[in-house]
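Asks: Here is my input, please return the structure:
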Amino acid sequence: MDKYYLIFASFFDNDLAFDYAEELILSESNVIIISPFSTSKFTRVALEYETLDKAKIGLDKYKDEFDLINVLEEIL
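Replies: Residues are numbered from 1 along each chain as shown. A predicted model of the protein is given here:
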């Protein structure tokens, strides 16, 4: 099953990523930390969705609050 993510932030420092995720967890329950993979060296803080449609709804909900949000499809 595909999963989709709204990326709220990317961090080179894991501790900063976890601190930011803790802030988001207070208002959202589906916060996920995406560890660096492949050639990426950044830890990402994201919200996870089961469908692209739900991710797009989430994007509409948060796009005014955050400067940069992307929808990322799981590549596994």
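Asks: Give me the nearest residue to the residue nearest the centre of the chain, chain neighbours excluded.
Replies: The centroid of the chain falls nearest to Ala46 when counting by CA atoms, centre = their mean (1.3 Å). What sits nearest to Ala46 in space, not counting adjacent residues and going by CB to CB, 6 or more residues apart in numbering, is Tyr5, at 4.0 Å. No exception for glycine: its C-beta is placed from N, CA and C like everyone else's.
Asks: just for the chain, where's the confidence low?
Replies: 28-29, 66-76 (pLDDT under 70).
Asks: Please enumerate the strands of the chain.
Replies: For the chain, applying DSSP state E gives strands covering 4-11, 31-34, 43-49, 70-73.
Asks: Pull up the pairing partners for the second one, direction included.
Replies: Taking DSSP bridges as the criterion, strand 31-34 forms sheet pairs with strand 43-49 (antiparallel).
Asks: For the partner strand, which outside residues touch it?
Replies: Residues outside strand 43-49 that contact it (CB atoms under 8 Å, 6 or more residues apart in numbering): 3-14, 17, 20-21, 24, 28, 30-36, 55, 58, 62, 72.
Asks: hmm, back to that, name whatever forms a beta bridge with the residue nearest to the centre of the chain.
Replies: Ile7, Ile32.
Asks: ok, back up a step: and the strands of the chain, which is most packed in?
Replies: Comparing those by mean neighbour count (mean count of other CB atoms under 10 Å), strand 43-49 ranks first with a mean of 22.
Asks: quick one: that strand to strand 4-11, angle?
Replies: Strand 43-49 and strand 4-11 are oriented at 160 degrees to each other (axes from the mean of the first three to the mean of the last three CA atoms, to 10 degrees).
Asks: Put the alpha carbons of strand 43-49 into CSV.
Replies: Extracted C-alpha coordinates of strand 43-49, given in CSV (Å, rounded to 0.1, in the frame of the first residue of the first chain):
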residue,chain,number,x,y,z
THR,A,43,15.9,13.8,8.7
ARG,A,44,12.4,14.9,7.7
VAL,A,45,9.5,15.7,9.9
ALA,A,46,6.2,14.9,8.1
LEU,A,47,2.5,14.0,8.4
GLU,A,48,1.6,10.6,7.0
TYR,A,49,-1.5,9.9,4.9
